[in-house]
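*Asks:* my questions concern the predicted model and sequence given below.
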Amino acid sequence: MSDTERNLLQQIGPTVRAMYGAFEDAVGHPMPRWRVLHALHTLGDATQKQLVQRLLIDPGLLTRHMKTMEAEGLIARHTDSDDNRLTHVQLTAAGKALIDEASPKRQAFFDAALAEFDEADLAKATQILQALEARFRQQKG
């Protein structure tokens, strides 16, 4: 493995952590929590199992996020009437208002972060990251 390859892999973690911090500063909400709210905004109503699969998040971590967001009145949860093992989640009016208020900030954050890169660079970076993700998932089993 060359130093370039090693440095690329070692750079991913610090880059993600920096992005999360900058996102929270710009948008006003932590990115992991935002991802849950945004997924619910897109899906409308979803089970926690669907959210785990869509967001590739640990079920326990999702439950902790849900408890906090429910206490803040951003989401509502209810048990499936046909299968009490399933919990459905949806945004409340307050959750929808939060998404509506913060979405322009989110878009501005991503626009500013990527502004200096041309389409070819972004496409190549995306291709590399997707290939790495696929390889890591395959190695995991």
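*Replies:* Great, that's in hand.
*Asks:* going forward, measure contacts between C-alpha atoms and count neighbours the same way
*Replies:* Fine.
*Asks:* and residue 100, how far from residue 27?
*Replies:* Note on residue 100: its distance to residue 27, by Cα to Cα, to the nearest Å, is 12 Å.
*Asks:* quick one, which of the two is more surrounded?
*Replies:* residue 27 (19 against 12; other Cα atoms under 10 Å).
*Asks:* show me where the chain has its strands.
*Replies:* Listed in chain order, the strands of the chain (DSSP state E) span residues 45-47, 75-79, 87-91.
*Asks:* looking at those, which is closest to residue 126?
*Replies:* Closest of the strands of the chain to residue 126 is strand 45-47, at 27.9 Å (criterion: Cα to Cα).
*Asks:* chain center to the closest one: distance?
*Replies:* The chain centroid and the centroid of strand 45-47 are separated by 16 Å under Cα atoms, centre = their mean, to the nearest Å.
*Asks:* ok, now stretch 18-33?
*Replies:* For stretch 18-33, the distance to the chain centre is 11 Å (Cα atoms, centre = their mean).
*Asks:* show residues contacting it.
*Replies:* 65, 102, 105-106, 109 (Cα atoms under 8 Å, 6 or more residues apart in numbering).
*Asks:* dump the residues you listed to CSV, plus neighbour count and distance to residue 122.
*Replies:* As requested, the contacts of stretch 18-33 are exported to CSV (neighbours: other Cα atoms under 10 Å; distance: Cα to Cα, whole Å):
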residue, neighbour count, distance to residue 122
65, 15, 31
102, 16, 25
105, 15, 21
106, 20, 18
109, 19, 16
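*Asks:* may I ask which two of those are separated the most?
*Replies:* For the contacts of stretch 18-33, with distances taken as Cα to Cα, the pair at the greatest spread is 65 and 109 (22.8 Å).
*Asks:* still on that earlier bit, in helices only, show me the contacts of stretch 18-33.
*Replies:* 65, 102, 105-106, 109 (DSSP state H).
*Asks:* kindly provide the distance from residue 134 to residue 35.
*Replies:* 21 Å.
*Asks:* same question, residue 130
*Replies:* Counting by Cα to Cα, the gap from residue 130 to residue 35 is 19 Å.
*Asks:* can you add distance to residue 113, mean pLDDT and mean neighbour count and give the strands of the chain back as a markdown table?
*Replies:* What follows is these, written out as a markdown table (distance: least, Cα to Cα, whole Å; pLDDT from 0 to 100; neighbours: other Cα atoms under 10 Å):
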| stretch | distance to residue 113 | mean pLDDT | mean neighbour count |
| --- | --- | --- | --- |
| strand 45-47 | 30 | 93 | 18 |
| strand 75-79 | 29 | 94 | 16 |
| strand 87-91 | 28 | 94 | 21 |
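*Asks:* perfect, I'm done here.
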